[in-house]
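> Pasting a predicted model and its sequence here:
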Amino acid sequence: MSERGSFGTKIGVILATAGSAVGLGNIWRFPYLTGQDGGAAFLLVYLVSILILGIPGMVAEFIVGRHGASNAARAYYQLGGRWWSLIGYMGAVTSMIILGFYAVVAGWCLQYLVVSVLGGIHGDPAYVAAYFKNFSSDPVKPLLWTVAFIVLTHLVVIRGVRKGIEKFSNMLMPTLFILLLIIVVASCLLPGAGKGIAFLFKPDFSKIDSNVLLDALGQSFFSLSLGTACLCTYASYFSRQTNLSKSALQIAGIDTFIAVLAGLMIFPAAFSVGVRPDSGPSLIFITLPNVFQQAFSPALGYIISVLFYALLALAALTSTISMHEIGTAMFYEELHISRKKGAIMETLVCVTIGVLCSLSCGAADISLFGKTFLECCDYLTSNILLPLGSFFTCILIGWVVPKRIVRDEFTNWGTVRGRFYAVWLFIIRFVSPVCILAVFLHQLGIL
């Protein structure tokens, strides 16, 4: 199609695709899982999981996307036929749902950024907890921030691949890294910070059990955006010269490095004031404001708080841009309409989901199966749709697509040495499906 773009530079490929992976999962989910699952023991298992599940899975989705050079549904169709296109459609629906509820949390980050700038997050722990509860259940403010964040994402995506996604990723990712590095340095210089650093890097192997193994596998899976059709869609903009395995290794490296830095940002500060950051979803909105308030002087605490919520907003934006692009590409290519109209359709769907998710947090009784609408969306995507998408991608590449096609894509038609091709194919055919199935059953509470 005339409107289909492509990435212009190698660094643009890496930063944009890494930006799709780097998000609240790195800066929020990774630290609290690490806190719950034994610190360095979890980190060690997580690194192994990235190698055996994350990177091979990324390459598989890259192959689908670049070979198809189209939206996810059409790319899967070209490799497997009509029934396999359902995986692409499922990925697009998954990304819409994720963007809807993700924007709610990102909107909370924007509110906390504004309040931090105004110096409004202070007081005892009870006040901070009450502030979050009152704000998140308000019928208007969170909703407005949710819509604002989706519209902000829309304004980036509508500009296209090079002028929108690539250009903004090239600005956002270095900025995110600099902000994160500033807070890490400040946190690691605190008295008693060494305990937090040791917790992150000195493993206690007795902490490793089946739950740690499966949590680490799940985190590596979700952190890299496997199963959302995001990697497939971005790969459709790759050039034929892009080294898929090398790109996957670089992107996974950046994603993991950001997650480790997030741990260095949070654990030293928390341990310095005697707080263990394993408080789950409330970590960034209830626990950390108290940590920053206690750990730093009033002036430095103010600066750190502002930088932290700016960091969270930027991380969320790099992820929502990629989620938006999945549906945008599918709408305008499958319906044969302009990119602008496709983006508008995607935005309207995501705003509708976001509004329902926002209202379900206390302003209205929108629930299913005893969960709020936001919790249902999170459960449906994280526990069911993402594992299914990634599982069937491994089956498609490992067992359905002719090996000649797979090998040609992996080696760039013989121009790249495929030294690890046989190992990678074995993992995709046997190891990854078993790991993903284990994560799937664990998330459903069966294993």
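Received the coordinates, thanks.
> alpha carbons only for contacts and neighbour counts from here, please
Noted.
> Residue 239 against residue 10, yeah?
No. Between residue 239 and residue 10 there is no contact under C-alpha atoms under 8 Å: 9.3 Å.
> Could you double-check that residue 362 lies in contact with residue 135?
No. Between residue 362 and residue 135 there is no contact under C-alpha under 8 Å: 9.4 Å.
> SS state for residue 83?
Of the three states, residue 83 takes coil under DSSP: H, G, I helix; E, B strand; the rest coil.
> so which helix or strand takes in the nearest residue to it once chain neighbours are set aside?
Once flanking residues are discounted, residue 83 sits nearest to residue 77: 7.4 Å by C-alpha to C-alpha, 6 or more residues apart in numbering. Assigned by DSSP states H and E, residue 77 belongs to helix 72-80.
> what's downstream of that helix, the next helix or strand?
Downstream of helix 72-80 (by DSSP H and E), the next one is helix 85-117.
> Next, the angle helix 72-80 makes with that next one.
150 degrees (axes from the mean of the first three to the mean of the last three C-alpha atoms, to 10 degrees).
> what's the angle from the helix or strand following helix 85-117 to helix 85-117?
The helix or strand immediately downstream of helix 85-117 is helix 125-136, counting by DSSP H and E. The directions of helix 125-136 and helix 85-117 differ by 130 degrees, with the same axes, to 10 degrees as the criterion.
> mind listing what's buried in helix 125-136?
The neighbour-count check on helix 125-136 (16 or more other C-alpha atoms under 10 Å) flags 128, 129, 131, 132, 135, 136 as buried.
> Run through who's touching the helix holding residue 77.
Helix 72-80 is touched from outside by 64-65, 67-69, 83-89, 91-92, 229, 232-233, 326, 330, 396, 400-401, with contacts defined as C-alpha atoms under 8 Å, 6 or more residues apart in numbering.
> Quick one, which of these are buried?
The neighbour-count test (16+ other C-alpha under 10 Å) marks 64-65, 67-69, 84-89, 91-92, 229, 232-233, 326, 330, 396 as buried among the contacts of helix 72-80.
> Using PDB, list the CA coordinates for the helix holding residue 77.
Extracted in PDB, the C-alpha atoms of helix 72-80 (Å, rounded to 0.1, in the frame of the first residue of the first chain):
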ATOM      1  CA  ALA A  72      -0.700  -9.100  11.600                       C
ATOM      2  CA  ALA A  73      -3.800 -10.900  10.300                       C
ATOM      3  CA  ARG A  74      -2.600 -10.800   6.700                       C
ATOM      4  CA  ALA A  75       1.000 -11.800   7.700                       C
ATOM      5  CA  TYR A  76      -0.300 -14.900   9.500                       C
ATOM      6  CA  TYR A  77      -2.600 -15.700   6.600                       C
ATOM      7  CA  GLN A  78       0.300 -15.500   4.100                       C
ATOM      8  CA  LEU A  79       2.300 -18.100   6.100                       C
ATOM      9  CA  GLY A  80      -0.400 -20.400   7.300                       C
END
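> now it: how far from the chain's centre is it?
23 Å (C-alpha atoms, centre = their mean, to the nearest Å).
> Helix, strand, or coil at the nearest residue in space to residue 56 that is not next to it in sequence?
Excluding the flanking residues, the one nearest residue 56 by C-alpha to C-alpha, 6+ apart is residue 424, at 6.2 Å. Secondary structure, three-state DSSP: residue 424 is helix.
> Residue for residue, what is the longest helix this structure has?
What stands out as the longest helix in the chain, according to DSSP state H, is helix 298-334.
> Could you identify the helix or strand that succeeds it?
Taking DSSP H and E, what comes next after helix 298-334 is helix 339-359.
> Residue 406 contacts residue 399, correct?
No. If you go by C-alpha under 8 Å, residue 406 and residue 399 don't touch, sitting 10.4 Å apart.
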